[in-house]
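In: sequence and predicted model, in that order:
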Amino acid sequence: MASFWQTSAVEISPGLRSSRRYLALHLPRWATDSLKRADPVLAASGRPLVLWEKQRGAMKLVELDAAASALGLFIGQNLSDARAIVPLLDAHEIDRETTARIFADLADWHSNASPIVAIVTDISPWGDLVLDITGVSHLFDGEAQMLKQLKGRLSGLGYAVMGSIASTVGAAWALARYMPGQVLAEGNEQAMLRSLPVAALRLETEQGESLKQFGLKQIGQLYSRDRHSLQARFGTSLLLRLDQALGWLEEKITPRLPLAEFSVERRFPEPIGLIEDVLLTAHDLAVTLSVQLERAGMGAQTFHLFLYRVDHKVMTLAVNSARATRDAAHIGRLFSYRAERLEGEYDAGFGIDMIRLSATSLNPLGATQSGAFGNDDGAASLDTLYDLMSSRLGPLSVLRPVEMNSYIPELAVRLEAAVAPSPSHTEEPPPVTRPRPIRLLPQPEAIAVIAEVPDAPPSLMVWRRVSYRFVRASGPERIAAEWQHASLRLALTDSAIEASQGEAAAGFYHEGRSTRDYYIAEDEAGRRFWLFRLGLLGIAPEPRWYLHGIFA
């Protein structure tokens, strides 16, 4: 039989392996440990704790603490049987959504150790963390000390935890669960994983059971098997997980928090809590970050402030800039105005022991000249005003119009956030030579009109139950439907429907009659209206009239 290595289609040589290091943390009793930490009375009772949920009409155990496991209880057992064995059992129904949400907060808190933190959800939505510690372990005096410190602080919070370090995500995860405490050197994955069970490859339950039925219980037994046979019988995911664990295929993790190329942080010997202290620190960090950006010739449009609380939670503040900047004073003002909108949302808990400021949405930004020979067109000041107003009022409160490439009036302009403009359009807006009203109604409203002849301008209009007699009118200006907008939906308001035809439907499609003839009509009081006839005369259905805008 051909060996595993001879039948491999692609093999990564040691020189091509990505020299990354991963630290995996496994919290086997997260659900019960987190519940005890949230309820000190429950932790002080000393009674065995289990969590159950209803499965196929029966209440089954799904999580157990150490005391319940020591008494012989097991996952999948009926709650009634467990109570018969342990009468003083403390049982609660599991809240999976809350448990996963709290674990996500814990994962974000670990970004104070490494900026790249991910949750491995192959087996459970909680319980497994993977940190990319490439280039950061020296801050903890080496990988072994880093593993010890991270495990120690979790243990101090009351969580059972196991961990390991390896050069692949799969190997670190497997060792954390089945051989914890290892700091595996690069290239030793094959030898170390040989004796571990096949479940250490993060396989589906059915795959693991099928492998056991064929006598394949350890990972090392897969090495001598033909890959084509393994793929045909157990699926491609088996070979994928095996190659990833051995480092033959690269496995990337998706960080939960934004990964920033430029980031600065400050740790405090004693936790701080006042928002004023946080903002002062943010300004100081902005100065340091500005120096980094200037050296790289870059500016940023988005800045993230991470506040790490001592109770393993993270608060985040994000601000945006209309254009790339590295002005430390401006960045500090943005966070100050943003903090004013927090009101009662800010909660430092038991204190903040670390603050990190990161920059994303980077763009090249050269040196600028300010002085007698500088050319100041006011655009920068206007963008600064947009930034400050958006930080204080909210990004969706400051909008600006953008011209679009369309002749259809309601599609010719759209509003977008001033501090988050969309990419510039490659096509110029079409030229418009006819006058347009200052006020365009949000939606064309149906009206009733009287005209001397069917194709002449209207002489009277009834709009919102009020009659308007016209003394003069000009037009028509014909606007046909564009190919990308062959069918236009006109949603009528209830008042417009009552004022016109009293239809019951709140909106309808005008298919096949989307040609519009626009008129400018002036009434006896000097008011000028922009109205149109939808459809063509002599072609069913009959044309309808709508009011679309009002001139000054």
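Out: All right, it came through fine. Numbering: from 1, shown residues only.

In: helices of the stretch 151-300 of the chain, start to end?
Out: Listed in chain order, the helices of the stretch 151-300 of the chain (DSSP state H, counting those that start in this stretch) span 169-178, 189-193, 205-213, 227-234, 236-246, 275-296.

In: is it possible to get a markdown table of these that adds distance to His26?
Out: From N, CA and C alone the C-beta is placed, and that goes for glycine too. Converted to a markdown table, these look like this (distance: least, CB to CB, whole Å):
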| stretch | distance to His26 |
| --- | --- |
| helix 169-178 | 4 |
| helix 189-193 | 16 |
| helix 205-213 | 17 |
| helix 227-234 | 25 |
| helix 236-246 | 15 |
| helix 275-296 | 33 |
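
In: most packed of those?
Out: Across those, the average number of neighbours (mean count of other CB atoms under 10 Å) peaks for helix 169-178, which reaches a mean of 26.

In: tell me what that helix is packed against?
Out: strand 22-26, strand 128-132, strand 162-166, helix 189-193, helix 236-246 (3 or more CB pairs under 8 Å, 6 or more residues apart in numbering; DSSP states H and E).

In: please name the residues that touch the closest residue to Ala300 other than its chain neighbours.
Out: Sequence neighbours aside, Ala359 is the residue nearest to Ala300 in space, at 3.6 Å (criterion: CB to CB, 6 or more residues apart in numbering). Going by CB atoms under 8 Å, 6 or more residues apart in numbering, Ala359 touches 260-263, 289, 293, 300, 302-304.

In: taking those residues, tell me the two that lie furthest apart.
Out: Leu293 and His304 (14.3 Å; CB to CB).

In: using the three-state scheme, assign Ala318.
Out: For Ala318, the assignment made with DSSP: H, G, I helix; E, B strand; the rest coil gives strand.

In: which residues are contacting stretch 408-415?
Out: Under CB under 8 Å, 6+ apart, the answer for stretch 408-415 is 399-404, 406, 429, 432, 436, 440, 443-444, 479, 481-482, 485, 488, 548-549.

In: buried among these? Make that a ChimeraX selection.
Out: Applying 16 or more other CB atoms under 10 Å to the contacts of stretch 408-415 leaves a buried subset, and the ChimeraX line that selects it is:
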select :406,440,443,444,479,481,488,548,549
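
In: so which of the contacts of stretch 408-415 are in strands?
Out: Per DSSP state E, strands hold the following members of the contacts of stretch 408-415: 399-403, 440, 443-444, 479, 488, 548-549.

In: quick revisit: out of the helices and strands packed on helix 169-178, which comes closest to Gly181?
Out: If we rank the helices and strands packed on helix 169-178 by CB to CB, the stretch that ends up nearest is strand 162-166, at 6.5 Å.

In: gap between His110 and Arg434?
Out: 62 Å (CB to CB, to the nearest Å).

In: correction: the previous question concerned Ser111.
Out: Ser111 is 57 Å from Arg434, by CB to CB.

In: of these two, give the one with the bigger neighbour count.
Out: Using other CB atoms under 10 Å, the more surrounded residue of Ser111 and Arg434 is Ser111, with 21 against 10.

In: thought the more buried one was touching Ala260?
Out: No: with contact defined as CB atoms under 8 Å, Ser111 does not reach Ala260; the gap is 10.8 Å.

In: shared neighbours of those two, anything?
Out: Counting by CB under 8 Å, 6+ apart, no residue touches both Ser111 and Ala260.

In: contacting residues for Leu88?
Out: 47-48 are the contacts of Leu88 under CB under 8 Å, 6+ apart.

In: ok now the host helix or strand of Leu147, how far from the chain's centre?
Out: Using DSSP states H and E, Leu147 sits within helix 143-156. Mean-position distance between helix 143-156 and its chain equals 29 Å (CA atoms, centre = their mean, to the nearest Å).

In: mind listing what's buried along that helix?
Out: For helix 143-156, using 16+ other CB under 10 Å, the buried residues are 143, 146-147, 150-151, 154.

In: what's the answer for stretch 114-130, then?
Out: Within stretch 114-130, the residues scored as buried using 16+ other CB under 10 Å are 114-120, 123-130.

In: any stretches of the chain with poor pLDDT?
Out: For the chain, applying pLDDT under 70 flags the ranges 1-18, 341-344, 368-381, 386, 391-392, 394-395, 420-427, 482-513.

In: and it, what are its domains?
Out: The record, using automatic domain parsing to delimit domains, assigns the chain the ranges 16-26+109-246, 38-98, 259-367+380-432, 439-550.

In: just those: most buried one?
Out: Of the domains of the chain, the one with the most neighbours on average (mean count of other CB under 10 Å) is domain 16-26+109-246, at a mean of 18.

In: tell me the strands beside whatever helix or strand Glu522 lives in, with direction?
Out: Secondary structure assignment for Glu522, by DSSP H and E: strand 516-523. Paired neighbours of strand 516-523 in the sheet (DSSP bridges): strand 466-479 (antiparallel), strand 528-534 (antiparallel).
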